[in-house]
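[1] Kindly return the folded structure for what I paste below:
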Amino acid sequence: MRITVRRTVAAVAVTAAAAVLTTLGAGTAQASTWDNCPDGAVCVYGQDQPANTPILTLWSYGPHNLSNMNGNHWVLNNQTGGAAAQLCDGYNGTGTCHDYMPSQTGVYANLTPVNSIVLIRP
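    Here you go, the predicted structure:
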């Protein structure tokens, strides 16, 4: 009888621990999207369109050159860990840089004079 009780108690304890770990794992594994911009990315949306489906998604730190981006676009910085983004008038992050965006911010900007977006490591 003691062995059966111990096995039952041990089985209940293991099941409870597994349930807690599964719940914690599921909570931390979920990605946080913002207007369909994935967690950890900077997204550019279509000209004069609401921020709902990105036409460009940037992932890596450093400059990203743009082409054929004219008129007003939403640019959302959904990076994590304090990473920022900035719009620059020159290619490769040169020229005048403006519209500094800390994590979880965005701008609605005229991208006609903008030739690059720089993702800045925290």
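[2] What part of the chain, helix or strand, is modelled with the least confidence?
    When the helices and strands of the chain are scored by mean pLDDT, DSSP states H and E, helix 2-29 comes last with a mean of 38.
[3] which is the next helix or strand following it?
    Note on helix 2-29: by DSSP states H and E, the next helix or strand toward the C-terminus is strand 41-45.
[4] Summarise which helices and strands that next one is packed against.
    Under the contact criterion of 3 or more CB pairs under 8 Å, 6 or more residues apart in numbering; DSSP states H and E, strand 41-45 touches strand 54-58, strand 72-78, strand 116-120. Yep, even glycine has a C-beta here, placed from its N, CA and C like the rest.
[5] Tell me which of these lies nearest to Gly95.
    Smallest distance to Gly95 across the helices and strands packed on strand 41-45 (CB to CB): 8.3 Å, for strand 116-120.
[6] quick one, the closest one and strand 54-58 angle?
    Inter-element angle recorded for strand 116-120 and strand 54-58: 50 degrees (by axes from the mean of the first three to the mean of the last three CA atoms, to 10 degrees).
[7] quick one, what contacts Asn52?
    With contacts defined as CB atoms under 8 Å, 6 or more residues apart in numbering, Asn52 is in contact with 35-36, 45.
[8] quick check: domain ranges of the chain?
    Split into domains by automatic domain parsing, the chain comes to 1-30, 41-120.
[9] Go through these and pick out the most buried.
    Of the domains of the chain, the one with the most neighbours on average (mean count of other CB atoms under 10 Å) is domain 41-120, at a mean of 17.
[10] Now the terminal residues of it, how far apart.
    With CA to CA, to the nearest Å as the measure, the ends of domain 41-120 fall 12 Å from one another.
[11] Ok, stretch 77-88 next?
    Termini of stretch 77-88 sit 15 Å apart (CA to CA).
[12] pretty sure Leu66 contacts Asn115?
    Yes - using CB atoms under 8 Å, Leu66 makes contact with Asn115 at a distance of 5.8 Å.
[13] measure Tyr45 to Ser60 for me?
    Distance of Tyr45 to Ser60, given as CB to CB, to the nearest Å: 20 Å.
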